[in-house]
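**Q** Sequence first, then the predicted structure, then my questions.
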Amino acid sequence: MKFHFDKVPDLAGFAAENSKGGDTAKVLTRALLTSDDPEFYQYSEQISNIFLNKARVLIDVVHQFLVIIHQNLSADLYVNDFQVAVEIKAKRDIKQGEVITQGDIADVRKVKFPQITVAETDKVIYCFKGGWRFGLFFDLTPRSQPADTPHLIQTEKLDVEKMMLSIGEIYRYLSFYHVYRVLESEAQFEEMMKDGWFPFVEILTWEYKKLSEAYLNKFDFENRVKAITDGFNEKRIEKITGKWWKNQIFYDKKPLIMAGINAYLQNNQDGFINCTKNLWTEIEGILRKLYYFETGKGEHVKSADLISYIVEKAKTKSGSDYSLLLPLPFLKYLQDIAFANFNIETENVNMSRHTSSHGIADATLYTKNRALQLILILDQIFFYY
């Protein structure tokens, strides 16, 4: 459904605070919101009154709508059945026309409207349903100066690329709400991290959701976690590692890495110990080679330098601190868990690169879960570079 309005109000945004007539007022001209935000309902209702009600569209049947307000104050309203394209980073090779599942997505970058032209002189409102929640984006920044108050209005052109990335940010949040909910719940995120779990690219979908549910409700906890890790059989591991060899540095280390992988696939204590001992050194070795390849620095490089380097690569690659690659949370994971220091005197000897490499970690810490997590760390690094 498309509706055209010859004349609509010259919307400039929403009042950000109460103010009296004649006072200076703050106006929210651009925002990203979800239906978890109380303001969402206030803004969406007013937008609906201006556009959807005018077009006599029943709100109950709407799952998305797009409003484009043109410079001459005419406007176009699109409801439900308009084309939306989502630009993703895929975990695997994909052929044109092939069905894409959420499990194929490593990251969501932007949302586009292929059949709709958006000009830099337009104002835009987009509201859409994601799961059981809604997202709302609007950019109502004035595009031209009113003749009567030129000194009070800040104008700018619409950055269409920034708009698509911003909508992609909300889409990503709603599509992977179960991941971001854990990140926002610091206590749960910390608890899962201490056990070595992170929302790795490979387990972003149902596995991480099931893991987080297990940590919320500990009933039959060990069996629920085991059901997830048991899914990483030889076929699944081969699917994960197969893409690594496209990277020359990974390929050069293939015999060493595969020694650790094959040890994991033995599916016994000896295998988990050998896998862990092997992959810790190869993880650091890959980080050092990647670092040297780009910086030319090979001597006196500390683990902290390597960690900061790979996280910066992810931030640059994804264009966001909180893309699904999650560079900032992964920085915390690497610092606090994977490369954490130890202290024998205080018995702070949890499994980490240092406790394993220095022979301090107890044999009971060499579990299937920990060995699998190292494979997932390697996979994360692959997507970061």
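**A** On my side now, so go ahead.
**Q** right, and the secondary structure at the residue nearest the centre of the chain would be what?
**A** Centroid check for the chain by CA atoms, centre = their mean gives Leu324 as the closest residue, at 2.1 Å. Three-state call for Leu324 (DSSP: H, G, I helix; E, B strand; the rest coil): coil.
**Q** What's the per-residue pLDDT of it here?
**A** You'll see Leu324 listed with a pLDDT of 94.
**Q** again, but for the one 3 residues further on
**A** What the model reports for Pro327 is a pLDDT of 94.
**Q** Quick check: it vs Ser308, distance?
**A** To Ser308, Pro327 is 10 Å away according to CB to CB, to the nearest Å. Quick note: C-beta positions are derived from backbone N, CA and C, even for glycine.
**Q** can you check Ile228 too?
**A** For Ile228, the distance to Ser308 - CB to CB - is 31 Å.
**Q** And Ile344, by the same measure?
**A** Distance of Ile344 to Ser308, given as CB to CB: 27 Å.
**Q** More neighbours: which of these two?
**A** The residue with more neighbours, out of Ile344 and Ser308, is Ser308; 15 against 10, by other CB atoms under 10 Å.
**Q** wait, isn't that one in contact with Leu331?
**A** Yes. If you go by CB atoms under 8 Å, Ser308 and Leu331 touch, sitting 7.5 Å apart.
**Q** which phi and psi does Lys218 have?
**A** phi -80, psi 10 (degrees, to the nearest 10).
**Q** And the pLDDT for it?
**A** Lys218 is given a pLDDT of 94.
**Q** Ok, Ser320 next?
**A** 80.
**Q** Wait, it touches Glu169, no?
**A** Yes. The criterion here is CB under 8 Å, and Ser320 meets it with Glu169 at 6.8 Å.
**Q** Which parts of the chain are strands?
**A** Using DSSP state E, the strands of the chain run over 2-5, 14-15, 27-28, 30-34, 64-69, 75-79, 85-90, 105-112, 123-130, 133-139.
**Q** I'd like these written out as a markdown table, with distance to Ala263 and mean neighbour count added.
**A** A markdown table is the format used below for the strands of the chain (distance: least, CB to CB, whole Å; neighbours: other CB atoms under 10 Å):
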| stretch | distance to Ala263 | mean neighbour count |
| --- | --- | --- |
| strand 2-5 | 60 | 14 |
| strand 14-15 | 59 | 14 |
| strand 27-28 | 56 | 16 |
| strand 30-34 | 44 | 17 |
| strand 64-69 | 49 | 22 |
| strand 75-79 | 55 | 21 |
| strand 85-90 | 29 | 15 |
| strand 105-112 | 27 | 21 |
| strand 123-130 | 41 | 21 |
| strand 133-139 | 43 | 22 |
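**Q** so which of those strands gets nearest Ala338?
**A** strand 105-112 (19.9 Å; CB to CB).
**Q** Between the two ends of stretch 30-40, what distance do you get?
**A** Chord length of stretch 30-40, first to last residue, is 13 Å (CA to CA, to the nearest Å).
**Q** Over to stretch 59-74?
**A** Stretch 59-74 end-to-end distance (CA to CA) = 22 Å.
**Q** same thing with stretch 118-131?
**A** First residue to last in stretch 118-131 (CA to CA) measures 26 Å.
**Q** In the beta-sheet assignment, what are the partners of Leu33?
**A** As for beta bridges, Leu33 partners with Leu136 under DSSP bridges.
**Q** Can you name the residues bridging to the nearest residue to Tyr171 once chain neighbours are set aside?
**A** Nearest residue to Tyr171, sequence neighbours excluded (CB to CB, 6 or more residues apart in numbering): Val111, at 5.3 Å. Under DSSP bridges, the beta-bridge partners of Val111 are Val86.
**Q** Could you report the distance from Val111 to Ile167?
**A** For Val111 relative to Ile167 (CB to CB), the value is 4 Å.
**Q** list the contacts for Val349?
**A** The contact partners of Val349, taken as CB atoms under 8 Å, 6 or more residues apart in numbering, are 342-343, 355, 360-362.
**Q** From those residues, which land in helices?
**A** Thr355 (DSSP state H).
**Q** ok, and the most crowded of the contacts of Val349?
**A** Ranked by the number of neighbours (other CB under 10 Å), the contacts of Val349 place Ala361 first, at 23 neighbours.
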